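Need coordinates for the below:
(one chain, ligands or ions: 1)
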Amino acid sequence: MEILFFSRRFSSPAAPVYTQSVNFRPIPMNSLLFSPFRIRDITLKNRVGVAPMCQYSATDGIAGPWHVVHLGSRAVGGAGLVFVEAAAVSAGARISDGDIGIWNDAHVAAFRPITAFAKSLGATPGIQLAHAGRKGSTQKPWQGRKMVDVHEGGWTTVAPSALPFNDEYPMPAAMTEDDMARVIDDFVQAAQRSLDAGFDVLELHMGHGYLLHEFLSPLSNLRTDAWGGSFEGRTAFPLSLAKAVRAQWPSRLPLFVRISATDWVDGGWDLDQSIQFARLLREAGVDLVDCSSGSIVPGSRGEPAPGFQVPLAAAIRKEAQVATAAVGLITEARQAEEILVQEQADLVLIGRALLADPYWPLRAQGQLDGTSAWPIQYDRAVNPNALT
Ligand code: FNR
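The predicted structure is shown next:
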């Protein structure tokens, strides 16, 4: 029987389509995980994304060979969406001096080959824009994550309120309205630079205890002015920022927001507030809410169990009527597929499993669909009848 065995899905028009005669029981290609996902004018080739993950390996915020290989490998590995880690919108927005940045033209130039390579493989390049707020000016994790004083090369951190993350973190300066206007401008300019660098998806980091989450959570926002207090007050700055970025980011391209959907702390930010906030984000033109959790105060993380944050994505999707991404201890192909089948999320982001194995998507596709689109250069690894 002559059947289609390997179909190549390269952008190259010359990409061959192999057929071969084998005693082969075809499995229909019908997984949701490996079906395309259209959002605004962008079509992701599948619903597996690389979660944004800091590499702490940049110098002056500039992506280098590590990032080229790291992100390039994940594009080779078949992810439909390849997110660059939290990229600082200014030098003072970084967590550490190894953070990647997008505040000047050198950053744009360094990203261009990365986005071009991802696109050449049919992957969509995305970037997460971030400001570390009171969690900035620290060492890299493998140096101990201790605070770095200004006289040691660190910088003054800012936050909604003069309240440090803990005793070992710098005391942040409470932001003035001028500071807030400057941060919004930094994000808007970073959005323009992201476009110039070739990114097609933009994500605003509003989770994990960084600046925008610090405004949302009553545990870190103690302001008594219009930018704190009530739900409306605490969401006002992140929402204004999202609107300003949406106005800059082309309407053909999707805008995501990552939130910590709960602080996991009594009296903190919680799922109900996330649902209300997600509605406001949707009305502001945000296309997808990426649902993580925790990290606003030391030790505030959920109980890690497979898919432990998926119910947050499911509730927000259902109640706020907005697309969501699920992330967090999603490690198996069938687990990821089930999340989509159950309509708990629209995308699945994979973090550590994709660090351990850049080919996770290709393997998952093989498990679910019985075939996967390995790059032709690697044909001899997977196809016993390879011609190369
Ligand atoms: C992360 N995570 C993360 N999250 C984020 O929003 N921006 C970031 O830059 C980073 N950086 C980062 C670095 C490293 C090394 C890890 C492991 C994680 C969190 C990440 O995106 C994801 O939400 C978690 O890792 C949970 O997903 P997994 O790893 O269980 O699939």
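
Let me see the contact set for the residue in the stretch 251-388 of the chain positioned nearest to the ligand.
Per CB to the nearest ligand atom, residue 351 is where the stretch 251-388 of the chain lies closest to the ligand, at 2.5 Å. Any C-beta I mention is one placed from the backbone N, CA and C, and that applies to glycine too. Counting by CB atoms under 8 Å, 6 or more residues apart in numbering, residue 351 touches 50, 51, 53, 327, 328.

That one and residue 231: what is the separation?
Distance from residue 351 to residue 231, counting by CB to CB, to the nearest Å: 30 Å.

For burial, what's the neighbour tally of the nearest residue to residue 346 once chain neighbours are set aside?
In space, and not counting its chain neighbours, residue 346 is closest to residue 323: 4.3 Å by CB to CB, 6 or more residues apart in numbering. Counted by other CB atoms under 10 Å, the residues lying close to residue 323 total 21.

what do you get for residue 141?
12.

try residue 230
Neighbours of residue 230 using other CB under 10 Å come to 10.

What does it show for phi and psi?
According to degrees, to the nearest 10, the main-chain angles of residue 230 amount to phi -70, psi 170.

Run through the residues that contact residue 372.
Residue 372 touches 78, 362, 363, 365, 366, 382, counting by CB under 8 Å, 6+ apart.

actually residue 139, sorry about that
By CB under 8 Å, 6+ apart, residue 139 lies in contact with 96, 145, 146, 147, 148.

those strands in the stretch 51-200 of the chain, which residues are they?
In the stretch 51-200 of the chain, the segments counted as strands under DSSP state E, counting those that start in this stretch are 81-88, 124-130, 158-159, 173-174.

Those strands into a markdown table, with extra columns for distance to residue 377, mean pLDDT and mean neighbour count?
Formatted as a markdown table, the strands of the stretch 51-200 of the chain follow (distance: least, CB to CB, whole Å; pLDDT from 0 to 100; neighbours: other CB atoms under 10 Å):
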| stretch | distance to residue 377 | mean pLDDT | mean neighbour count |
| --- | --- | --- | --- |
| strand 81-88 | 18 | 98 | 28 |
| strand 124-130 | 20 | 98 | 27 |
| strand 158-159 | 47 | 98 | 25 |
| strand 173-174 | 51 | 98 | 14 |
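
nearest to the ligand, of the ones you listed?
Of all the strands of the stretch 51-200 of the chain, strand 81-88 sits nearest to the ligand, with 3.4 Å by CB to the nearest ligand atom.

just checking, what packs against that closest one?
Packed against strand 81-88, as judged by 3 or more CB pairs under 8 Å, 6 or more residues apart in numbering; DSSP states H and E, are the following elements: strand 48-50, helix 65-76, helix 105-120, strand 124-130, strand 201-206, strand 347-350.

Can that strand be said to contact the ligand?
Yes. Under the criterion of CB under 6 Å from any ligand atom, strand 81-88 makes contact with the ligand via 85, 86.

ditto for stretch 135-143
No. On the criterion CB under 6 Å from any ligand atom, stretch 135-143 is out of touch with the ligand, staying 7.9 Å away.

Would you mind finding the most buried of the helices and strands packed on strand 81-88?
Ranked by mean neighbour count, the helices and strands packed on strand 81-88 are led by strand 48-50 with a mean of 30 (mean count of other CB atoms under 10 Å).

Show the secondary-structure elements that it is packed against.
strand 81-88, strand 347-350, helix 360-369.

any residues touching it, and which ones?
Applying CB under 8 Å, 6+ apart, the external contacts of strand 48-50 come out as 33-34, 71, 74, 78-83, 126, 325, 336, 347-351, 354, 360-361, 364.

quick one on the thing from earlier: mind giving me a markdown table with the contacts of residue 372 and columns for distance to residue 170?
Below are the contacts of residue 372 laid out as a markdown table (distance: CB to CB, whole Å):
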| residue | distance to residue 170 |
| --- | --- |
| 78 | 41 |
| 362 | 43 |
| 363 | 43 |
| 365 | 45 |
| 366 | 48 |
| 382 | 50 |
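
Just flag the most distant two among the contacts of residue 351.
50 and 328 (14.1 Å; CB to CB).

any idea how the chain splits into domains?
Structurally, the chain divides into domains by automatic domain parsing as follows: 1-30+371-388, 32-356.

winner for burial among the ones you listed?
Scoring those by mean count of other CB under 10 Å, the most buried comes out as domain 32-356, with a mean of 20.

The closest residue to residue 148 other than its chain neighbours: what's it in contact with?
Nearest residue to residue 148, sequence neighbours excluded (CB to CB, 6+ apart): residue 154, at 3.4 Å. Residue 154 is in contact with 137, 147, 148, 170, counting by CB under 8 Å, 6+ apart.

likewise residue 51?
Contact partners of residue 51, counting by CB under 8 Å, 6+ apart, are 83, 327, 349, 350, 351, 354.

any idea how far the third one lies from residue 72?
Put plainly, it is residue 349. 18 Å.

And the contacts of stretch 140-147?
Outside stretch 140-147, the residues that touch it by CB under 8 Å, 6+ apart are 56, 96, 97, 98, 137, 138, 139, 154, 168, 169, 170.

List the contacts of the residue positioned nearest the centre of the chain.
With distances taken as CA atoms, centre = their mean, residue 52 lies nearest the centre of the chain, 3.9 Å away. Each residue near residue 52 by CB under 8 Å, 6+ apart is listed here: 83, 84, 85, 86, 128, 203, 205, 258.

Spell out which parts of this structure neighbour the ligand.
Residues of the chain lying close to the ligand (CB under 6 Å from any ligand atom) are 51-54, 85-86, 128, 205, 208, 258, 292, 327-330, 350-353.

I'd say residue 251 and residue 287 touch.
No. If you go by CB atoms under 8 Å, residue 251 and residue 287 don't touch, sitting 10.6 Å apart.

list residues touching both of these two?
Contact criterion CB under 8 Å, 6+ apart; residues shared by residue 251 and residue 287: residue 40.

And the average pLDDT for stretch 287-302 is what?
Average pLDDT, stretch 287-302: 95.
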